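Undergrad: below is the structure, and that's it, no one-letter string:
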Ligand SMILES: *Cc1c(COP(=O)(O)O)cnc(C)c1O
């Protein structure tokens with residue numbers, strides 16, 4: 001019994017690769033080679049060296065003493081906010097650009113909603129001197145102007161998706177169409193543990209550096225590798241997969257996943273996928289997703305652009321279905337308060353995605369000597385205008 005993917009990319013009943021026939025050769029090439037490439041010594045060396053010297057890893061495991069005192073438990077923060085580009089996403093894009101090079105690809109495509117994954121992709125393409133095309137919904141281009149500017153400054157081409165609701169799912173459709181038309185020279189960098197197999201497993205492996213580091217850091221600080229709980233916010237689920245990875249099959253470690261309840265789980269404006277989701281297929285994978293009675297994907301809502309996704313990765317759908325993880329949903333309001341609280345108690349301004357995870361301590365009580373490690377997935381710079389508007393700063 002394992003909570004990791006099986007050979008066909010299934011986590012229990014979720015996962016797999018439900019793709020149009022035209023995409024089969026691209027996905028199959030990656031599936032056949034990804035594990036072998038990742039295990040090559042030269043790949044591991046280049047990946048580790050870049051994580052160290054370019055991203056700035058290992059990121060600190062910081063004991064948050066004032067936050068711990070307030071909630072009467074031991075809270076450690078894994079500081080992914082200190083990664084180059086400000087969040088965990090770059091761990092995955094570095095891994096995938098190296099994968100693309102080994103597969104002989106000289107053109108990268110990606111889709112982005114909030115723009116964070118687009119920026120992380122444009123960054124590694126600049127680093128490697130590889131052409132980068134980012135698809136983005138026309139509405140998102142307007143909403144996320146600073147990230148569009150960043151991508152352009154980094155040399156990427158940003159192509160607006162003008163169909164449908166002109167948001168993330170339409171950008172994804174455009175990216176898939178592009179990939180079908182360029183099967184030989186192009187690699188598609190997916191930004192979370194979503195999409196057809198092997199993406200969820202490959203992205204989880206790249207992000208697993210997070211829990212790998214925690215094991216030795218916690219051993220040094222507490223004399224044991226495993227905490228009592230690991231906590232992360234879940235959009236698609238990549239920062240969560242990274243902090244859970246090496247603890248998934250250790251039942252002593254409690255797993256907590258935090259979703260965005262938006263204006264309330266039942267308000268009609270939320271992104272609480274596990275609570276509201278039904279089984280279905282999204283982006284080539286069988287998982288839980290928010291949909292109408294006749295199976296159309298529902299437009300999600302959250303104050304945090306990075307959690308605003310109608311599905312969750314198949315690993316998390318399985319963690320939910322089996323009860324291995326505890327799922328908590330947090331409203332916009334509670335997240336914003338928790339973000340402000342971390343700023344004032346610890347001098348760290350978190351991304352609003354991360355603020356959702358931080359907000360659980362208000363209601364979810366832990367024992368005094370529990371060790372709780374929370375993934376501080378990103379920094380709040382990108383969210384400053386949202387904080388300004390919300391608190392009238
Ligand atoms: C993108 C993002 C997330 C959500 O994505 P996951 O794949 O669920 O990790 C969370 N936090 C930050 C800071 C992000 O940029």
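TA: Looks like it came in fine. Please read these numbers as outputs of a predicted model, since none were measured by experiment.

Undergrad: what values do phi and psi take at the single nearest residue of the chain relative to the ligand?
TA: The ligand sits closest to residue 378 of the chain, with a gap of 2.3 Å, by C-beta to the nearest ligand atom. C-beta: built from backbone N, CA, C; applies to glycine. Backbone dihedrals for residue 378, given as degrees, to the nearest 10, come out at phi -160, psi 170.

Undergrad: also residue 230?
TA: Backbone torsions of residue 230, given as degrees, to the nearest 10, read phi -120, psi 140.

Undergrad: what are the bridge partners for the residue of the chain closest to the ligand, then?
TA: For residue 378, the beta-bridge partners under DSSP bridges are residue 87.

Undergrad: that one: neighbour count?
TA: Other residues within reach of residue 378 by the criterion other C-beta atoms under 10 Å amount to 27.

Undergrad: where does the residue nearest to residue 277 when sequence neighbours are not counted land in three-state SS?
TA: When the adjacent residues along the chain are set aside, residue 277 lies closest to residue 288, with 3.4 Å between them (C-beta to C-beta, 6 or more residues apart in numbering). For residue 288, the reduced secondary structure class is strand; criterion used: DSSP: H, G, I helix; E, B strand; the rest coil.

Undergrad: same question for the one 5 residues further on.
TA: Remark: residue 293 carries the secondary structure label coil [criterion: three-state DSSP].

Undergrad: how many other residues sit next to it?
TA: For residue 293, the count of nearby residues is 6 (other C-beta under 10 Å).

Undergrad: for residue 276, see how far away it is.
TA: When C-beta to C-beta, to the nearest Å is the yardstick, residue 293 and residue 276 sit 13 Å from each other.

Undergrad: write out the residues of the stretch 201-350 of the chain neighbouring the ligand.
TA: By the rule C-beta under 6 Å from any ligand atom, the part of the stretch 201-350 of the chain lying against the ligand is 233-240, 306-307.

Undergrad: need the contact list for the residue nearest to residue 277.
TA: With contact set as C-beta atoms under 8 Å, 6 or more residues apart in numbering, residue 288 has these partners: 14, 273-274, 277-280, 311-312, 317, 320-321.

Undergrad: in strands, which of those appear?
TA: Here DSSP state E is the test, and the contacts of residue 288 give 14, 278-280 as lying in strands.

Undergrad: check contacts around the residue of the chain closest to the ligand.
TA: 80-81, 86-89, 116, 306, 350-351, 353-354.

Undergrad: A helix includes residue 22, no?
TA: Yes - under three-state DSSP, residue 22 sits within a helix.

Undergrad: how far away is it from residue 145?
TA: Look at residue 22 and residue 145: by C-beta to C-beta, they are 34 Å apart.

Undergrad: ditto for residue 62
TA: With distances taken as C-beta to C-beta, residue 62 is found 32 Å from residue 145.

Undergrad: who has more neighbours, the two?
TA: With other C-beta under 10 Å as the criterion, residue 62 and residue 145 differ in neighbour count, and residue 62 comes out ahead with 17 against 11.

Undergrad: wait, the more buried one sits on residue 80?
TA: No - with contact taken as C-beta atoms under 8 Å, residue 62 and residue 80 are classed as non-touching, separated by 11.2 Å.

Undergrad: that older thread, pipe the contacts of residue 288 into CSV and attach neighbour count and pLDDT per row.
TA: Written out in CSV, the entries for the contacts of residue 288 read as follows (neighbours: other C-beta atoms under 10 Å; pLDDT from 0 to 100):
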residue, neighbour count, pLDDT
14, 24, 98
273, 32, 92
274, 20, 89
277, 21, 92
278, 12, 94
279, 13, 95
280, 17, 95
311, 28, 91
312, 33, 96
317, 26, 98
320, 23, 98
321, 16, 97
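
Undergrad: got those residues as JSON lines, with distance to residue 202 columns?
TA: Putting these into JSON lines (distance: C-beta to C-beta, whole Å) gives the following:
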{"residue": "14", "distance to residue 202": "16"}
{"residue": "273", "distance to residue 202": "21"}
{"residue": "274", "distance to residue 202": "23"}
{"residue": "277", "distance to residue 202": "23"}
{"residue": "278", "distance to residue 202": "26"}
{"residue": "279", "distance to residue 202": "23"}
{"residue": "280", "distance to residue 202": "22"}
{"residue": "311", "distance to residue 202": "18"}
{"residue": "312", "distance to residue 202": "17"}
{"residue": "317", "distance to residue 202": "18"}
{"residue": "320", "distance to residue 202": "22"}
{"residue": "321", "distance to residue 202": "22"}
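
Undergrad: inside helices: which ones of the residues of the stretch 201-350 of the chain next to the ligand?
TA: Of those, the ones assigned to helices by DSSP state H are 238-240.

Undergrad: just among these, which is most surrounded?
TA: Sorting those by how many neighbours each has (other C-beta under 10 Å) puts residue 240 first, at 34 neighbours.
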